[in-house]
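Trainee: what follows is a predicted structure for the sequence shown.
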Amino acid sequence: MKWGKSVQFILDTLQKNGFAAYIAGGAVRDMLLKRPPVDVDILTHAAIREIESLFSGQTVKQVGKTFPICMVNGFEVSSGRGAVDLSSFPESDLARRDITINAMAYDPIAEKIIDPFNGRKDLETAVIRFTNDPDKRIREDPVRMIRACRFMAMIDGSLSVSSLKSILACKDLLDTAIAKERIHHEIVKALGLQRPSLFFRALKKTGLLSKIFPSLDRCHDLDGGPHHGETVFDHCMLVGDAVPATLPMLRLAGFLHDTGKFDAAEIKQGKLTFPGHENHTRSVIQDLTALRFPIKEITYITALIKTHMRPLTDQTTPRAARRLLSMLDEHGLDYRAFMQMRIADKKGNLAKRPYTLSDIRIRLKKLFNVMAEPSVFRMDGLAIKGNDIVRILGIPPGPDIGKIKRLLFEKVLDDPRLNTHQELKKLCRSLPINE
């Protein structure tokens, strides 16, 4: 197996100086799955100080608190966990790892895989299983419960009976035992999977979803209403999967975009409806804040949720298109993010057909046509300023100036030709201040 010059250099250096050196963890798993390894980790019995000394001429950085490791030229080189007995190394280290499919090592000299917990078999049968005692593995680090769900989603597999039982018994540890930033990190990793919905479904099955995203968890059995052929939860899963993995925050918005339906639900004329559900974002904001998502990302996700119901059809008028673009601008979004959400939202509705390429082109053309005009999509683009209004009307600065600017802006959205100083001056004199 070829691991690249940089990795081979590290392996050779350790071995030439009398230290055992193995490829461990995810890289071995990826090798068996015939996938390019995302990360290549090297395991050795050399102590941290010895690793730093051996690679003193290289770029070396010590990281990690629970299990200190060295980053050598960007690659993880970890010392054996605990006291190292060479007669049982690397098995002694692998025994402290969380999941069997990640508890394998590759011996580059003997060219063989060391697999003390039958990780290869679990990989073949797509089973996620904790090494040794699952309760002990979880209590050592409760974030392992979330990792188990992520790896289950990665291989499209299932949890072993013992692993599922232990997670259900230990799920309350998420409330206090780990930093929320670590949960956030696992969520972001899961969003890069081919089908993150498998991750969210695993969280639901294990009882972890109510600890992480209660806003989404409560939608699990909520009927989608007469316009959908699936539950709200299933719809969110389909929409999130339909967003490209290259857009993780837009993808997360897809998974959360209809969670407000729980708060908005009401029966009207015998039918379940969700009026204004896009404006019920408090629960989502609380969840994202608790998970330590940056304010910028929370604002972006919330904006996508609040705008996802704005109509854009083959019948949309230029006036409506201008108002849509103004709304997007007000929320800090561009038309691309809006369209990507709309396309995914339609694809995730089993009662309707998804957009065709022709449908998408027609809608984009509606936007492009008004974007090509000398249109104004925000109030600061008006050809008249607050000071001008004060002078024209002879009134003092204050809230009334803002009201007048908003009224003028509405007029200009309807007819962009009005956005000249002269036309707006005329409109100022005709508008009632208290309208």
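Mentor: Nice, I can see it. Numbering: from 1, shown residues only.

Trainee: buried ones in the lowest-mean-pLDDT helix or strand in the chain?
Mentor: Ranking every helix and strand in the chain by mean pLDDT, DSSP states H and E puts strand 60-63 at the bottom, with a mean of 84. Along strand 60-63, these residues count as buried under the neighbour rule (16 or more other Cβ atoms under 10 Å): residue 60. For glycine as for every other residue, the C-beta is placed from the backbone atoms N, C-alpha and C.

Trainee: next SSE after it?
Mentor: Note on strand 60-63: by DSSP states H and E, the next helix or strand toward the C-terminus is strand 69-72.

Trainee: quick one: list the elements packing against whichever helix or strand comes after that next one.
Mentor: Sequence order places strand 75-79 as the next helix or strand after strand 69-72, per DSSP H and E. Here strand 75-79 touches helix 5-16, strand 41-44, helix 48-54, strand 69-72, going by 3 or more Cβ pairs under 8 Å, 6 or more residues apart in numbering; DSSP states H and E.

Trainee: name the residues that touch strand 75-79?
Mentor: Strand 75-79 is contacted by residues 6-7, 10, 14, 24, 39-48, 51, 55, 67-71 when judged by Cβ atoms under 8 Å, 6 or more residues apart in numbering.

Trainee: sec struct for residue 216, please.
Mentor: helix (DSSP: H, G, I helix; E, B strand; the rest coil).

Trainee: now residue 266. Nearest residue, chain neighbours left out?
Mentor: The spatially closest residue to residue 266, leaving aside those adjacent along the chain, is residue 273, at 6.0 Å (Cβ to Cβ, 6 or more residues apart in numbering).

Trainee: highest average neighbour count across the helices and strands packed on strand 75-79?
Mentor: Most buried of the helices and strands packed on strand 75-79, by mean neighbour count (mean count of other Cβ atoms under 10 Å): strand 41-44, with a mean of 24.

Trainee: sheet partners, orientation included, of that one?
Mentor: Within its sheet, strand 41-44 is paired with strand 21-24 (antiparallel), strand 75-79 (parallel), according to DSSP bridges.

Trainee: closest one to residue 198 among these?
Mentor: strand 21-24 (25.6 Å; Cβ to Cβ).

Trainee: what mean pLDDT does that closest one get?
Mentor: Confidence for strand 21-24, expressed as mean pLDDT, is 93.

Trainee: tell me the helix or strand right after that strand.
Mentor: Following strand 21-24 toward the C-terminus (DSSP H and E): helix 26-32.

Trainee: for residue 156, which of the helices and strands packed on strand 75-79 is the nearest?
Mentor: Nearest of these (Cβ to Cβ): strand 41-44, 23.7 Å.

Trainee: before we move on, back to that, what's the residue nearest to residue 266 sitting at in phi/psi?
Mentor: Backbone dihedrals for residue 273, given as degrees, to the nearest 10, come out at phi -130, psi 170.

Trainee: measure it to residue 283 for me?
Mentor: 19 Å (Cβ to Cβ, to the nearest Å).

Trainee: now swap in residue 124 and tell me
Mentor: Applying Cβ to Cβ to residue 124 and residue 283 gives a distance of 41 Å.

Trainee: more crowded one of the two?
Mentor: Shown here are residue 124 and residue 283; by other Cβ atoms under 10 Å, residue 283 has more neighbours (18 against 11).
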